[in-house]
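# Quick one, fold the following:
(2 chains)
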Amino acid sequence: MAYSDKVIEHYERPRNVGSFDKADPSVGTGLVGAPACGDVMKLQLRINDAGVIEDAKFKTFGCGSAIASSSLVTEWVKGKSIDDAGKIRNRDIAEELSLPPVKIHCSVLAEDAVKAAIFDYRLKKGLLSDDDVLASVGHVRPAGAEDVELSPEDIGVFTEEAKAEKLLDYHRAHGRVVDADLTRVTGARAAADQVRARYRLTLKEVA
Amino acid sequence: MTVQTPIYLDNHATTAVDPRVLAAMLPTFTKVYGNAASRNHSFGWEAEKLIETAREQIARLLGASAKEIVFTSGATESSNLAIKGAARFYQGKGKHLVTSRIEHKATLDSCRALEVEGFEVTYLTPDKDGLHSAEQVGAALRKDTILVSLMAANNEIGTLNPIEEIGRVTRERGVLFHCDAVQALGKIPFDVEKANVDLASVSGHKLYGPKGVGALYVRRKPRVRLTPIIDGGGHERGMRSGTLNVPGIVGLGAACEIAQRELPEEMQRLTALRDRLLAKLRAAVPEVHVNGSMAHRLPGNLNVSFAYVEGEAMLMSINREVACSSGSACTSASLEPSYVLRALGVGDDLAHSSIRFGLGRFNTEEEIDHVAALVAASVTRLRAMSPLWEMVQEGVDLKSVQWTPH
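Coordinates of the predicted model:
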C-alpha cells in the first residue's frame, strides 16, 4: 500500500514518543485498541490546573498510519484546553494524513485515545459531574451502541469491562451506588470470528 | 563493501527470471514464433519441437513422463483444473474432498466453488508446527472421498507436508491425491512416483521461469481423467484448450532443467543463508518467534514474528532496502491477519507481527547480513515506541489487560 508523504514523514520522525509517570496527578493516560486487532495506542497528556494541555506523549503498536495518527494528535493537542482537545475528530486526522478508507480506523483510534486520556485525567481529579460522567461515556463508546437499547438506569455501554468497573468505583466513591451489576449484553461482529463484547452498567438507587 | 539495494527477499511471491531461462526463451519471440498446433509448415513444427523438449524437461524434474504434462496459464489454473476437473469427472464415485485450512487460495476457493455444486469438503487443521500427518489424512477419508488436495510446501511458512506418507495412504485407499507443488518444485526433491501423487500443480515464476505459465501433472498409470474447465480447440489431449504459450513453456522447461541440475547445491546454500539470517536476528533482538516447523521447512523460507512490533510498520521502515512480506492484516484490505498463521494457533497479536523472508537463488551472504542488521535496528526502534513492549518490560501480563477491540 502506498502511504501519503505526511504519513511517511510522521512515521520516520514521530513527534513526542515516550511516556509520563502514570501516577502523576496532572497526567491523563488513554490506552485504546487491542493487540489482536494489530493496533494499540497509549496517549498521555500533561494538563495544568487551568485545564490546558502542556505536553503530550505517545507510544503506538500498529501500522504506519496508526503511528502517524498518534504522532499527529500529540502535536495538535498541545496548548489546547481539554475541552477543545476533546473536540478533535477522526475525520480531521484522516484528512490531514490522507488516509485511505482501510486506514480510517487508525484515526478513530487516535480520537479515542485523546478522549480516553482526558477522561482518565478528569476521573483522577474528581472533576466529573454527573453530567460529565454521562457525557464521557461517549469516549467509551456508547456510539456503535445502536443495537443496545438504553434504559434510564443504564449509565453506559462499554467495550471494556475495566472501564465500566472504573466508573462503578467512581460512583461508589461518591456514595451513589448501591446496587450495581455489570452484564455482558451483546456481541457484535467485529472481524470474522471476533466477538466485540459490550458491557452495560446498571445503577440502582437504594432507598 | 556495499550491498546493492533494494534486496529482493520475497521469492515465495515470485522470482526473477534466470538469465539462462531468458536466453532460451528469446528465439521464440522473433524466430520460432509458430503456433505449435500448426501441422503443415516448419514454423509450427519447430514450435512443437520446443514444446516437446520443455515437456521432457518438466517431466524429468517431476519424475514423470512427458505425456503426463498439461500446460496451463499458471498454478492457479492448474489447481482449478485438478480439483474441479477431477471432482466433476469422478462425482459418480462420491462427492467428498479433503484439504487443509492452510492451502493456497487457488485450492481453497476451488473447493468452495465445489461446495456450492454440492460437494462436501473436509478442511484439516494443521498442528501448531503447520504440519499434517498421514494418520490425520487417513482418518478424514470416507467411503465417498474422491480427492485429497494437500500442498508439498506452504507458501507462507514454508512447512513441508510428509507427502510420501500421505500418498501411500491415498493410494491404499483408492483416493486421488492432488499436490500443489508450486513452492516445492525445484527447491526440494519432489517425485510424483515416490509420493504417489496423481495430480501436481506447477508454476513457472516460482522457480526462476516466466510468469503466465504453469503445468499440471496428470498421472497416466493408473489413468486419471479430468473434466476440462476451459473448452475450445482440444489442445493438451482435450484437458486444456488454448494456443500454447510457447515462450512461457520453453522458459518453464529451461527453468526446470536448471533447477534439477543445481538443486542439491542450492538447497544447502539457501539453508545455510536462512539459518544465518535467523541466528543474526536472534543474536540482535529478543523475542523472535519462528512460525511453523523449523525441521520440516523449505530451505529459503523464514517466517518469524517480532513480538510487540506490528508487521506492516516494520516493512515500512525497511522496504526501501528490502522486499519481503508480512502476515499482518494491514497488508491486505481485509484487516485480518494471515489465515495460515491463525490456523496454526498463532495468536492474532503475533500474527500481526509476522514477517516472511523468502530467500532465493540470487541472494548473497552480504545481503543477508545487511538485512539482518536493518531488521534488528527497525525492531529495536519500533519496540522503543511500542506500548506493549513497555508494558511487558514493566511486568504487565498483556493477557490480563482488558483491551478495546475495534
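# For the residue in the stretch 51-200 of chain B that chain A sits nearest to, give me its contacts.
Residue nearest to chain A within the stretch 51-200 of chain B (C-beta to the nearest C-beta): residue B:101, separated by 12.9 Å. No exception for glycine: its C-beta is placed from N, CA and C like everyone else's. Contacts for residue B:101 were tallied using C-beta atoms under 8 Å, 6 or more residues apart in numbering or on different chains; they are B:123, B:124, B:125, B:126, B:339, B:343.
# Same check on residue A:22?
Here residue A:22 is in contact with A:29, A:44 (C-beta under 8 Å, 6+ apart).
# Helix, strand, or coil at it?
Following DSSP: H, G, I helix; E, B strand; the rest coil, residue A:22 is assigned to coil.
# can you pull the pLDDT of it?
In this model, residue A:22 is scored at 88, pLDDT.
# re earlier: max pairwise distance over the contacts of residue B:101: which two?
Farthest pair in these (C-beta to C-beta) is B:124 and B:339. Separation: 13.9 Å.
# What are the contacting residues of stretch A:91-108?
The contact list for stretch A:91-108 (C-beta under 8 Å, 6+ apart) reads A:1, A:4, A:6-7, A:10, A:39, A:62-63, A:65-66, A:68-69, A:72-73, A:90, A:110-111, B:333, B:335, B:406.
# let's see it at 7 Å
When contacts are defined by C-beta atoms under 7 Å, 6 or more residues apart in numbering or on different chains, stretch A:91-108 is touched by residues A:4, A:6-7, A:39, A:62, A:65-66, A:68-69, A:72-73, A:90, A:110-111, B:333, B:335, B:406.
# Give me the buried subset of these.
Taking 16 or more other C-beta atoms under 10 Å in any protein chain shown as the criterion, what is buried in the contacts of stretch A:91-108 is A:4, A:7, A:39, A:62, A:65-66, A:68-69, A:72-73, A:90, A:110-111, B:335, B:406.
# Name the nearest of those residues relative to residue A:18.
Of all the buried ones among the contacts of stretch A:91-108, residue A:18 sits closest to residue A:73, with 14.6 Å by C-beta to C-beta.
# Next up, the contacts around the closest one.
Contacts of residue A:73 (C-beta under 7 Å, 6+ apart): A:43, A:88, A:93, A:110, A:114.
# Sticking with the first one, tell me its helix or strand.
Residue A:43 is part of strand A:39-47, with elements assigned from DSSP states H and E.
# likewise the third one?
The secondary structure element spanning residue A:93 is helix A:90-96 (assigned by DSSP H and E).
# moving C-terminal of that helix, what's the next helix or strand?
helix A:104-125.
# Please identify the buried residues of that following helix?
Residues of helix A:104-125 classed as buried by neighbour count (16+ other C-beta under 10 Å): A:104-124.
# The strand holding residue A:43 pairs with which strands?
Partners of strand A:39-47 in the sheet, by DSSP bridges, are strand A:27-34 (antiparallel), strand A:53-61 (antiparallel).
# Now do the same for residue B:97: helix, strand or coil?
Put simply, residue B:97 is strand when judged by three-state DSSP.
# per-residue confidence at it?
We have a pLDDT of 98 for residue B:97.
# so what are the domain limits for the chain?
Because you didn't say which chain, this covers chain A. Taking automatic domain parsing as the criterion, chain A consists of the domains A:1-126, A:128-207.
# sorry, should have said chain B
In the recorded assignment (automatic domain parsing), chain B comprises B:7-12+B:263-400, B:19-259.
# coming back round to it: tell me which of the contacts of residue B:101 has the lowest pLDDT.
The lowest pLDDT within the contacts of residue B:101 belongs to residue B:339, with 92.
# Figure out how far the longest helix seen in chain B is from the centre of its chain.
Within chain B, and with DSSP state H defining each element, the longest helix by residue count is helix B:246-284. How far helix B:246-284 lies from its chain's middle: 14 Å, per C-alpha atoms, centre = their mean, to the nearest Å.
# show me where pLDDT drops low in the chain?
Reading this off chain A. Scanning chain A for pLDDT under 70 picks out the ranges A:1, A:128-207.
# should've been chain B
In chain B, residues with pLDDT under 70: B:1, B:328-335, B:402, B:404-406.
# what about the strands in it?
Using DSSP state E, the strands assigned to chain B run over residues B:7-8, B:69-72, B:96-100, B:120-124, B:145-151, B:176-180, B:199-203, B:214-218, B:288-290, B:301-306, B:322-323, B:325-326, B:354-358.
# got the end-to-end distance for stretch B:198-217?
End-to-end span of stretch B:198-217 (C-alpha to C-alpha, to the nearest Å): 8 Å.
# Give me the distance from that stretch to the chain's centre.
Relative to the mean C-alpha coordinate of its chain, stretch B:198-217 is positioned 10 Å out (C-alpha atoms, centre = their mean).
# Likewise for stretch B:158-169?
With C-alpha atoms, centre = their mean as the basis, stretch B:158-169 stands 15 Å off its chain's centre.
# That one: which residues count as buried?
Buried-residue list, stretch B:158-169, by 16+ other C-beta under 10 Å: B:158, B:159, B:160, B:161, B:162, B:163, B:165, B:166, B:167, B:168, B:169.
# which residues sit against that stretch?
Taking C-beta under 7 Å, 6+ apart as the rule, stretch B:158-169 contacts B:129-134, B:137-138, B:150-153, B:177, B:179, B:188, B:194-197, B:292-293, B:296-298, B:301, B:303.
# hmm, who's touching stretch B:307-316?
Under the criterion C-beta under 7 Å, 6+ apart, residues A:11, A:38, A:61-64, A:67, B:287, B:289, B:306, B:324, B:326-328, B:330-331, B:350, B:352-355, B:378-379, B:382-383, B:386, B:388-389, B:392 lie in contact with stretch B:307-316.
# Using CSV, write out every CA atom in the strand or helix carrying residue A:65.
Under the criterion of DSSP H and E, residue A:65 resides in helix A:64-77. The C-alpha coordinates for helix A:64-77 follow below in CSV (Å, rounded to 0.1, in the frame of the first residue of the first chain):
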residue,chain,number,x,y,z
GLY,A,64,2.5,3.3,9.8
SER,A,65,-0.9,5.1,9.7
ALA,A,66,-1.6,4.3,13.3
ILE,A,67,1.8,5.7,14.3
ALA,A,68,1.3,8.8,12.2
SER,A,69,-2.2,9.4,13.6
SER,A,70,-1.0,9.3,17.1
SER,A,71,2.1,11.4,16.4
LEU,A,72,-0.2,14.0,14.7
VAL,A,73,-2.6,14.3,17.6
THR,A,74,0.2,14.8,20.1
GLU,A,75,1.1,17.9,18.1
TRP,A,76,-2.5,19.1,17.8
VAL,A,77,-3.5,18.8,21.4
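# now that helix against strand A:39-47, angle please.
Comparing the axes of helix A:64-77 and strand A:39-47 via axes from the mean of the first three to the mean of the last three C-alpha atoms, to 10 degrees yields an angle of 10 degrees.
# before we move on, back to that, which of the buried ones among the contacts of stretch A:91-108 sits closest to residue B:47?
Nearest member of those to residue B:47, counting by C-beta to C-beta, is residue B:335, at 47.4 Å.
# circling back to that earlier point, just the buried ones from the contacts of stretch B:158-169?
For those, a burial check counting by 16+ other C-beta under 10 Å picks out B:129-134, B:137-138, B:150-153, B:177, B:179, B:188, B:195-197, B:292-293, B:297-298, B:301, B:303.
# For the residue lying closest to residue B:11 once chain neighbours are set aside, list the residues it contacts.
For residue B:11, ignoring the flanking residues on the chain, the nearest one in space by C-beta to C-beta, 6 or more residues apart in numbering or on different chains is residue B:360 at 3.4 Å. If you count contacts by C-beta under 7 Å, 6+ apart, residue B:360 has them with B:11, B:15, B:300.
# Using PDB, write down the CA coordinates of stretch B:229-245.
What follows is stretch B:229-245, C-alpha atoms only, in PDB (Å, rounded to 0.1, in the frame of the first residue of the first chain):
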ATOM      1  CA  ILE B 229     -12.700 -26.300 -17.300                       C
ATOM      2  CA  ILE B 230     -11.700 -24.500 -20.500                       C
ATOM      3  CA  ASP B 231     -13.300 -25.600 -23.700                       C
ATOM      4  CA  GLY B 232     -12.100 -25.000 -27.200                       C
ATOM      5  CA  GLY B 233      -9.700 -26.500 -29.700                       C
ATOM      6  CA  GLY B 234      -8.900 -29.600 -27.700                       C
ATOM      7  CA  HIS B 235      -5.300 -28.800 -27.100                       C
ATOM      8  CA  GLU B 236      -3.400 -30.800 -24.400                       C
ATOM      9  CA  ARG B 237      -5.300 -34.000 -25.100                       C
ATOM     10  CA  GLY B 238      -8.600 -32.100 -24.600                       C
ATOM     11  CA  MET B 239      -7.700 -31.200 -21.000                       C
ATOM     12  CA  ARG B 240      -6.800 -27.600 -21.700                       C
ATOM     13  CA  SER B 241      -7.800 -25.900 -24.800                       C
ATOM     14  CA  GLY B 242      -6.000 -22.700 -26.000                       C
ATOM     15  CA  THR B 243      -2.900 -22.000 -28.100                       C
ATOM     16  CA  LEU B 244       0.200 -23.000 -26.300                       C
ATOM     17  CA  ASN B 245       2.300 -20.200 -24.700                       C
END
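# Noted, bye for now.
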